[in-house]
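Asker: using only what follows, build the 3D model:
(4 chains)
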Number of protein chains: 2
Amino acid sequence: MLKEQIKSLAHDCDGCPIRHRAVCARCESDELERLEEIKYYRSFEAGQTVIWSGDKMDFVGSVVSGIATLTQTMEDGRTQMVGLLLPSDFVGRPGREGSAYDVVATTDLVMCCFRKKPFEEMMVSTPHVAQRLLEMTLDELDAAREWMLVLGRKTAREKIASLLSIIGRRDASLNLREATGAVVFDLPLTREAMADYLGLTLETVSRQMSALKRDGVIALEGKRHVTIPDFTRLMDEAGDDADGGIFA
Amino acid sequence: MLKEQIKSLAHDCDGCPIRHRAVCARCESDELERLEEIKYYRSFEAGQTVIWSGDKMDFVGSVVSGIATLTQTMEDGRTQMVGLLLPSDFVGRPGREGSAYDVVATTDLVMCCFRKKPFEEMMVSTPHVAQRLLEMTLDELDAAREWMLVLGRKTAREKIASLLSIIGRRDASLNLREATGAVVFDLPLTREAMADYLGLTLETVSRQMSALKRDGVIALEGKRHVTIPDFTRLMDEAGDDADGGIFA
DNA sequence: AGAACACTTTGATACAGATCAAACGCGCGA
DNA sequence: TCGCGCGTTTGATCTGTATCAAAGTGTTCT
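Answerer: Numbering: from 1, shown residues only, chains lettered A, B, ... in the order given. Sure, this is the predicted structure:
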């Protein structure tokens, strides 16, 4: 059924779900035509590795649907997630041969790819692509730095609350909000992936999830379906300034 | 004497020490002239705050000499360094009003500034500036992600070794290498700043520095002058793949 | 239905690094 | 010269999270 998804959106940027948020967001229709010429879709199943760290990357691209992770691993197996790729996020670095990270599909994944060489040429000739990529890279850098504060200075409980608030914020801005004001979403990550994100062990993640549930900060249905009755309370637990930008 | 420094390099990009590495690196001479028109120098003393988090930033700019830090602080005072700014590094984000971080001069500091509005206009009209800024931002993102692995997964000893190896690598590539092959440099950071960089307490930093010294991984003269007799050994202690790219 | 498997929860214990506390060294101004 | 202050070191103790271990849940395959 992945193949079906691909067929359904093949070669039509106008109907593309990420048209207005990805690298191509700023492109005029003539620029878009040039991109269409060099683009192609690839799909990956949940768990599949998209790129191995160190491998030569001959393409760059955008996540169209699904979720992928960027991880770094030490020789002894310790691993740290360094990026969480959601639809519209960009993968790969123009001007670098190999990937510095493992890219792994967390869910079934569809990517819109461009061969690297032609894309790099477009970067020079099409300022709108380069502009948008700069903007996206700056956003990613901001996110990485916020994450550094989480990794370096927050307690396990605060880390979990921070992660839930990041995911909840994103989902709230797009779709799922209950009439009551509660935020509801499905966790796209296993306990182990959450641990890799936060620099914890999966046991600690599990314990802190149980604790947040016991304290009424979150409600769980099954292991993955999360309800946040009071988002401000969650932000509080995350140690973030509760300036509540989301609910403005 | 800061004023003297400023005078000595005022308005002459050709003699600028960061000419070939900063945002202006790719500029042709006509583009450089346009930059010269909107640039001005500012100097800061060690310890001075360049920008407060949340403040409106009406300029962007490059570090010409000295060192500055980017830090984030929680309400209760926990702080995490999220960037270490060396000569040629860029400060500020085109397209954002306020700064998300405190920028503090760690040593006496000279910056080459551009008023934000004209600089943003140049970003559009001068592709070489935008191209170079993208490249630099991607490098910073890579550095931030390497740092995330350090913060999330490394032990205190590995963290210290990682920091020393980062500073040592930079200095080794520029200048100070002994005939013996040893790397020698002055630490530009206090123990407290190192702790903020690494997500540790200053006591732990001090203890691990003592331990590395005791074990012969580093030698100290005074508190700040560091000698690394065997860089590969240090990389080992940092838990990094000792693929020794520096000494290639 | 039952077995096999992946993911998760919970418990007992160990330990790295935090915290609290004291003292050291050194440059600087009086 | 003294003494003050800042950065640093070192010591004693505490604690949050990792580690080791076992059992629970739910899903897929036969």
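Asker: now residue A:54. Nearest residue, chain neighbours left out?
Answerer: Nearest residue to residue A:54, sequence neighbours excluded (Cβ to Cβ, 6 or more residues apart in numbering or on different chains): residue A:98, at 5.5 Å. For the C-beta atoms, the positions are set from N, CA and C on the backbone; glycine is no exception.
Asker: count the residues that sit near the one you found.
Answerer: 12 (other Cβ atoms under 10 Å in any protein chain shown).
Asker: same check, this time on residue A:204
Answerer: Residue A:204: 18 neighbours (other Cβ under 10 Å).
Asker: tell me the contacts of it?
Answerer: Shown in contact with residue A:204 (Cβ atoms under 8 Å, 6 or more residues apart in numbering or on different chains): A:156, A:195.
Asker: surely it forms part of a helix?
Answerer: Yes: going by DSSP: H, G, I helix; E, B strand; the rest coil, the assignment for residue A:204 places it inside a helix.
Asker: per-residue pLDDT, it?
Answerer: Note on residue A:204: pLDDT of 98.
Asker: for the residue nearest to residue A:54, give me phi and psi.
Answerer: Dihedral angles of residue A:98 (phi, psi; degrees, to the nearest 10) stand at phi -100, psi 160.
Asker: ok, it to chain B distance?
Answerer: 12 Å (Cβ to the nearest Cβ, to the nearest Å).
Asker: bridged to that residue, which residues?
Answerer: residue A:56 (DSSP bridges).
Asker: and residue A:41, how many neighbours does it have?
Answerer: By other Cβ under 10 Å, neighbour count at residue A:41 equals 18.
Asker: got the buried residues for the helix or strand containing it?
Answerer: Secondary structure from DSSP states H and E places residue A:41 in strand A:39-44. With burial defined by 16 or more other Cβ atoms under 10 Å in any protein chain shown, the residues of strand A:39-44 counted as buried are A:39, A:41, A:43-44.
Asker: ok, back up a step: could you measure from the residue nearest to residue A:54 over to DNA strand D?
Answerer: 29 Å (Cβ to the nearest atom of the strand, to the nearest Å).
Asker: what does residue A:161 give?
Answerer: Residue A:161 is 12 Å from DNA strand D, by Cβ to the nearest atom of the strand.
Asker: kindly report the same for residue A:130.
Answerer: Taking Cβ to the nearest atom of the strand, one finds residue A:130 at 40 Å from DNA strand D.
Asker: contact partners for the residue lying closest to that residue once chain neighbours are set aside?
Answerer: Spatial nearest neighbour of residue A:130, excluding adjacent residues (Cβ to Cβ, 6+ apart): residue A:123 at 5.0 Å. Applying Cβ under 8 Å, 6+ apart to residue A:123 gives the contacts A:94, A:129-130, A:133, B:131.
Asker: can you pull up the most central residue in chain A?
Answerer: residue A:85 (2.6 Å; Cα atoms, centre = their mean).
Asker: ignoring the adjacent residues along the chain, who's closest to that one?
Answerer: Using Cβ to Cβ, 6+ apart, the nearest residue to residue A:85 is residue A:68, at 4.2 Å.
Asker: wait, the residue nearest to residue A:54 touches residue A:57, no?
Answerer: Yes: with contact defined as Cβ atoms under 8 Å, residue A:98 reaches residue A:57; the gap is 6.4 Å.
Asker: ok so, going back, just checking, the residue nearest to residue A:130 is part of a strand?
Answerer: No: remark: residue A:123 does not belong to a strand; assigned using three-state DSSP, it is helix.
Asker: and the pLDDT for it?
Answerer: Value listed for residue A:123 in the pLDDT field: 93.
Asker: got the phi and psi for residue A:51?
Answerer: phi -150, psi 140.
Asker: number of nearby residues for it?
Answerer: 19.
Asker: also the one 5 residues further on?
Answerer: Here the number of neighbours of residue A:56 (other Cβ under 10 Å) works out to 10.
Asker: ok, residue A:230 next?
Answerer: As a burial measure, residue A:230 scores 14 neighbours (other Cβ under 10 Å).
Asker: ok, which pair from the contacts of residue A:123 is furthest apart?
Answerer: A:129 and B:131 (11.6 Å; Cβ to Cβ).
Asker: neighbour count for the two, which is higher?
Answerer: The neighbour count for residue A:129 versus residue B:131, taken as other Cβ under 10 Å, is higher for residue A:129 (23 against 19).
Asker: okay but that one is in contact with residue A:32, surely?
Answerer: No: between residue A:129 and residue A:32 there is no contact under Cβ under 8 Å: 10.2 Å.
Asker: overlap of the contact sets of those two?
Answerer: residue A:24.
Asker: what residues does chain A have near DNA strand C?
Answerer: A:190-192, A:202-203, A:205-207, A:209-210, A:220, A:223-224 (Cβ under 7 Å from any atom of the strand).
Asker: buried subset of these?
Answerer: By neighbour count, with 16+ other Cβ under 10 Å, the residues of chain A next to DNA strand C hold A:191, A:205-206, A:209 as buried.
Asker: any chance of these in CSV, plus distance to chain B?
Answerer: Shown next, in CSV, are those (distance: Cβ to the nearest Cβ, whole Å):
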residue, distance to chain B
A:191, 16
A:205, 13
A:206, 18
A:209, 19
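Asker: scan chain A for its longest helix.
Answerer: Longest helix in chain A by number of residues (criterion: DSSP state H): helix A:127-153.
Asker: quick one: buried residues of that one?
Answerer: For helix A:127-153, a neighbour-count test (16+ other Cβ under 10 Å) marks A:127-138, A:140-142, A:144-153 as buried.
Asker: how about the strands in chain A?
Answerer: For chain A, the strands defined by DSSP state E occupy A:39-44, A:49-51, A:59-65, A:68-73, A:79-85, A:90-91, A:102-105, A:109-115, A:183-186, A:219-221, A:225-228.
Asker: TSV please, covering those and showing distance to residue B:166 and mean pLDDT.
Answerer: Output for the strands of chain A, formatted as TSV (distance: least, Cβ to Cβ, whole Å; pLDDT from 0 to 100):
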stretch	distance to residue B:166	mean pLDDT
strand A:39-44	34	95
strand A:49-51	25	96
strand A:59-65	27	96
strand A:68-73	16	97
strand A:79-85	17	98
strand A:90-91	26	98
strand A:102-105	22	97
strand A:109-115	33	96
strand A:183-186	38	93
strand A:219-221	41	95
strand A:225-228	38	94
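Asker: can you check which of the ones you listed gets nearest to residue A:161?
Answerer: strand A:225-228 (9.9 Å).
Asker: pull the distance from the closest one to the chain's centre.
Answerer: Averaging C-alpha positions (Cα atoms, centre = their mean, to the nearest Å) puts strand A:225-228 19 Å from its chain's average.
Asker: pairing partners for it, with directions?
Answerer: Going by DSSP bridges, the partners of strand A:225-228 are strand A:183-186 (antiparallel), strand A:219-221 (antiparallel).
Asker: turn these into JSON lines, columns for distance to residue A:64.
Answerer: Output for the strands paired with strand A:225-228, formatted as JSON lines (distance: least, Cβ to Cβ, whole Å):
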{"stretch": "strand A:183-186", "distance to residue A:64": "19"}
{"stretch": "strand A:219-221", "distance to residue A:64": "29"}
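Asker: how about these, which one is nearest DNA strand D?
Answerer: Closest approach to DNA strand D among these (Cβ to the nearest atom of the strand): strand A:219-221, 9.7 Å.
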